[in-house]
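1. Predicted model, plus sequence, below.
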Amino acid sequence: MYIHKNFWYSMNIFTSLYKSYVGKKVVMSLTGIFLCTFLIVHLFGNLALFKNDGGKLFNEYSKFMSTNSFIRVMEIVLFLGIIFHIVSGVLVWFRNRSARIQKYQVYETSYSTFASRMMNLSASVVFLFIVIHLYTFFVPTRFYGDENSYKLVVDAFKNPIYSSFYVVAIFILAIHLKHGFQSAFQTFGIKEKKYALLIDLVAILFWFIVPLGFISIPLYFLFGGK
């Protein structure tokens, strides 16, 4: 009974916080950082694709990811994180849009970076990419019983149209990550100059190194990888 009351008390606090504009931005920032860390884990797993063993290691990795109970629970957490991130982003966008004095006000370049102006467009492209990516790889292995994940990857990336879309989408994702990661710390009130360099250096990991790692995979298979 005590745990039950504490749970609902915590949920009431979260709901009250989330109703506020700041609360939505905090949730969007927290889920964004969580999704950034997932990308690192996902990339490390995908590095098994480069092992020249006919896909044995990658298929073993994929099987582990689809059968391990902890991973399955984390998948649910990941999907919830994506949903909260998208919903919070849309609500914040509507709030910002409705707060404008002029509905179709033109952005001033001195107050808006290229990345910030691209956030709405990049978010839409990233969402489309996630849907196509899940349909291409996740759905066949989890719902259709296809156990050869490696072949799915090779067949997809041998297709120049899909590989081109993947590379462009990752590039746009990098733009989204660069602005989003740095904006998250502004939301948390971390603006001191002494932290700026550290934040920028960590941001490079998410918007440059990790996307570069993902881009290398389709290029590897498109240009001769087996």
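-> Thanks, I have the structure now.

2. ok, residue 30 - contacts?
-> By CB atoms under 8 Å, 6 or more residues apart in numbering, the contact list for residue 30 reads residue 184. In short, each C-beta sits where N, CA and C put it, glycine included.

3. what about 10 Å?
-> 81, 84-85, 88, 184, 187-188 (CB atoms under 10 Å, 6 or more residues apart in numbering).

4. tell me which residues in the helix ranked longest in the chain are buried?
-> In the chain, taking DSSP state H as the definition, the longest helix is helix 69-99. Across helix 69-99, burial judged by 16 or more other CB atoms under 10 Å covers 78, 81-82, 84-86, 88-89, 91-92.

5. right, and residue 175 touches residue 182 too?
-> No. No contact is recorded between residue 175 and residue 182 when judged using CB atoms under 10 Å, the distance being 11.9 Å.

6. that older thread, tabulate the contacts of residue 30 (a markdown table), appending distance to residue 38.
-> Listed next are the contacts of residue 30 as a markdown table, based on distance: CB to CB, whole Å:
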| residue | distance to residue 38 |
| --- | --- |
| 81 | 8 |
| 84 | 14 |
| 85 | 11 |
| 88 | 17 |
| 184 | 15 |
| 187 | 19 |
| 188 | 20 |
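
7. Now the residues you listed in TSV, please, with extra columns for pLDDT and distance to residue 118.
-> Formatted as TSV, the entries for the contacts of residue 30 read as follows, by pLDDT from 0 to 100; distance: CB to CB, whole Å:
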residue	pLDDT	distance to residue 118
81	90	22
84	88	22
85	90	17
88	86	18
184	80	17
187	75	18
188	75	22
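
8. As a check, name the ranges of all helices in this protein.
-> Listed from the start of the chain, the chain has helices (DSSP H) covering 2-19, 21-46, 56-67, 69-99, 114-117, 119-133, 139-143, 149-157, 160-187, 193-204, 210-222.

9. give the contact list for the residue positioned nearest the centre of the chain.
-> Within the chain, one residue has its C-alpha closest to the average C-alpha position: by CA atoms, centre = their mean, that is residue 35, at 4.8 Å. Counting by CB under 10 Å, 6+ apart, residue 35 touches 42, 78, 81-82, 85, 177, 180, 206.

10. pLDDT weak spots in this structure?
-> Flagging of the chain using pLDDT under 70 yields the residue ranges 1-18, 99-117, 190-194.

11. one more time with 90, if that's ok
-> For the chain, applying pLDDT under 90 flags the ranges 1-33, 36-37, 66-67, 71-72, 75, 84, 86-124, 141-147, 175-207, 224-226.
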